[in-house]
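*Asks:* model this:
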Amino acid sequence: MKGKITSYKAFAALISLFLWLNGCSDTKSDAELDLTGETAVVENAMVAVNSASGEWPQWLGPERNGKSSETGIRTDWAANPPRVLWKIGLGDGFSGIAVSGGRAYTMFADGGDEYALCVDAASGRELWRVQTGGEFSDWQGGDGPRSTPAIDGERAYFFSAGGKLYALDARSGERIWMRDLKNEFNASEPEWGFCASPLIDGNKLLIEVGGRPDKALAALDKMTGRTIWAAQNGKAGYSSPIIITVDGLRQAIFFTGREILAVDPEDGSLYWKEPWKTSYDVNAATPVFIAPDRLFISSGYDVGGALYQISVQDGNAAVRQLWFSRGMKNKMNTSICHDGYLYGIDGKILKCLDAASGEEQWKTRGFGEGTLIMADGHLLVLSDRGVLGLVKATPERYLSVGEAKVLEGLCWTVPSLAGGRLFLRNQSEMVCLGIK
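*Replies:* You can find the predicted model right below:
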């Protein structure tokens, strides 16, 4: 695979953009391990990894909540740090890594073009790449695609930063269908490109487009690409939809540029909506469903987060806000709820809040504008400078189990965990670590 050197000019531009944010610079722990020099495939390191034990087929994992059911994660990092199974060169972009059927899928940009990519999950060997358009260029330096693929058996779905939705054969990369949603739905390209990750719901593919009129949200037939419905109005944000069920009523939740709303996933008809304004229409974090009937949303730019309660009666749904707090401002990352507590990054500060009240339980600096997922009672937190932290998911106190330097450069992509393998990337490389 063609390697790519990190663009220091782009890196500097991104740093200057966020200098105003509160928080301290990432500091390297004395116990931090440095794995960035491990570039070759480690012989026989794959033997202990069971690729069939789990998948990460879409944005934020199997349940679209950043949580994995995998167990057996090693916690003795001082003696047994994460093992570099393979590392490959990659191009620009912040697209997440979907893992299914022993293959890993992502998107990147290189040489002025954008690509969908498929590699062998065990070795990193490239299996295919398909051009999906021209490279999206951000004047602030964050070039490349943003959306994470969705894998559904023999089909893989990719949404380009330019607004084109592709259905590809997951094994060969052959195009099955393509829709130019930006032009077909008369949508304005968001300032930082189209970011929503497709959501598979039965025979449908749900996506936020921001088209007009009455085409802000859409559901396509996943087999043919045919429009099943297009509905609602509003500017596109940078978040991705989820499906929830409250008292038997299924609702598709979209966090658009200026509101949070729920629609019937079958026809797009509105159940409820609430305004939510933030700077530059950057509502990027995915809503967090807290069963049986609560929903947490959050935005950066000094906005904050809120918890809503959803009620259902006679097939209709309504919502009311339970609390609002500026103590959890998720700018790009999505919080995780575990045992009644929210874990997330408030600006540049990793925090734990009581989900019922919004009260802060603990906080710590050092991960910058990082990302996190959860497995086996622990948070896997990747700092924006490539330090991977293993943190016990407890409200009692911040408890670091281990740290390792795994990547250089800017890291804004959420980790993916499948079969004991942790998949990470920056804007020039993708790395696979063994953590069992």
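
*Asks:* if I pick the closest residue in space to residue 322 that isn't next to it in sequence, what's in contact with it?
*Replies:* Leaving aside its chain neighbours, residue 322 sits nearest to residue 307 (4.6 Å; criterion: CB to CB, 6 or more residues apart in numbering). All C-beta atoms are positioned from the backbone trio N, CA, C, and that covers glycine. Applying CB atoms under 8 Å, 6 or more residues apart in numbering, one finds that residue 307 lies in contact with 290, 294, 295, 296, 321, 322, 323, 355, 358.

*Asks:* what of residue 149?
*Replies:* Counting by CB under 8 Å, 6+ apart, residue 149 has contacts 58, 95-96, 98, 105-107, 116, 156-158, 197-198.

*Asks:* can I get the contacts of residue 307 in CSV with pLDDT, distance to residue 410 and secondary structure?
*Replies:* Listed next are the contacts of residue 307 as CSV, based on pLDDT from 0 to 100; distance: CB to CB, whole Å; DSSP: H, G, I helix; E, B strand; the rest coil:
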residue, pLDDT, distance to residue 410, secondary structure
290, 99, 31, strand
294, 99, 34, strand
295, 99, 30, strand
296, 99, 27, strand
321, 98, 35, strand
322, 99, 36, strand
323, 99, 33, strand
355, 99, 30, coil
358, 98, 30, coil
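
*Asks:* which of those residues are buried? Put it as a PyMOL command.
*Replies:* Buried subset of the contacts of residue 307, written as a PyMOL selection, criterion 16 or more other CB atoms under 10 Å:
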select buried, resi 290+294+295+296+322+323+355+358
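
*Asks:* which one of the contacts of residue 307 is nearest residue 403?
*Replies:* For these, the residue nearest residue 403 by CB to CB is residue 355; the value is 26.5 Å.

*Asks:* how about the strands in the stretch 101-250 of the chain?
*Replies:* Here the stretch 101-250 of the chain has its strands, by DSSP state E, counting those that start in this stretch, at 103-110, 113-120, 126-134, 150-152, 155-159, 164-169, 175-180, 199-201, 204-211, 215-221, 227-231, 242-246, 249-255.

*Asks:* so which of those gets nearest residue 375?
*Replies:* So among the strands of the stretch 101-250 of the chain, strand 103-110 is nearest, using CB to CB, at 17.2 Å.

*Asks:* if you count neighbours, what's buried in stretch 228-248?
*Replies:* 228-232, 234-244, 246.

*Asks:* how far is that stretch from where the chain is centred?
*Replies:* Here stretch 228-248 is found 17 Å from its chain centre; the criterion is CA atoms, centre = their mean, to the nearest Å.

*Asks:* what mean pLDDT does that stretch have?
*Replies:* Stretch 228-248 shows a mean pLDDT of 97.

*Asks:* just to revisit the earlier point, so which of the strands of the stretch 101-250 of the chain gets nearest residue 430?
*Replies:* Across those, closest to residue 430 is strand 103-110 (CB to CB), at 6.9 Å.

*Asks:* so how far is that closest one off the chain centroid?
*Replies:* 14 Å.

*Asks:* what are the contacting residues of that strand?
*Replies:* Here strand 103-110 has contacts from 2, 4, 90-93, 95-99, 114-121, 127, 132, 135-136, 143-145, 147-149, 151, 156, 158, 160, 170, 416, 423, 425, 430, 432, using CB under 8 Å, 6+ apart.

*Asks:* stretch 223-234 now?
*Replies:* With contact meaning CB under 8 Å, 6+ apart, stretch 223-234 is reached by 165, 167, 176-179, 185, 203-204, 209-221, 254, 256-259, 261, 263, 266-270.

*Asks:* got the CA positions of that stretch in PDB?
*Replies:* Coordinates of the C-alpha atoms in stretch 223-234 are reproduced here as PDB (Å, rounded to 0.1, in the frame of the first residue of the first chain):
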ATOM      1  CA  MET A 223     -30.300  -3.500  -2.000                       C
ATOM      2  CA  THR A 224     -31.100  -1.200  -4.800                       C
ATOM      3  CA  GLY A 225     -30.400   2.400  -3.600                       C
ATOM      4  CA  ARG A 226     -34.000   3.400  -4.300                       C
ATOM      5  CA  THR A 227     -35.300   6.200  -2.100                       C
ATOM      6  CA  ILE A 228     -37.900   4.800   0.400                       C
ATOM      7  CA  TRP A 229     -38.500   8.100   2.000                       C
ATOM      8  CA  ALA A 230     -37.000  11.600   2.300                       C
ATOM      9  CA  ALA A 231     -38.400  13.900   4.900                       C
ATOM     10  CA  GLN A 232     -38.000  16.900   7.200                       C
ATOM     11  CA  ASN A 233     -36.100  20.100   6.700                       C
ATOM     12  CA  GLY A 234     -33.000  21.500   8.300                       C
END
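
*Asks:* chain center to it: distance?
*Replies:* The mean C-alpha position of stretch 223-234 is separated from the chain mean by 23 Å, CA atoms, centre = their mean.

*Asks:* also stretch 80-91?
*Replies:* 20 Å.

*Asks:* good, wrapping up.
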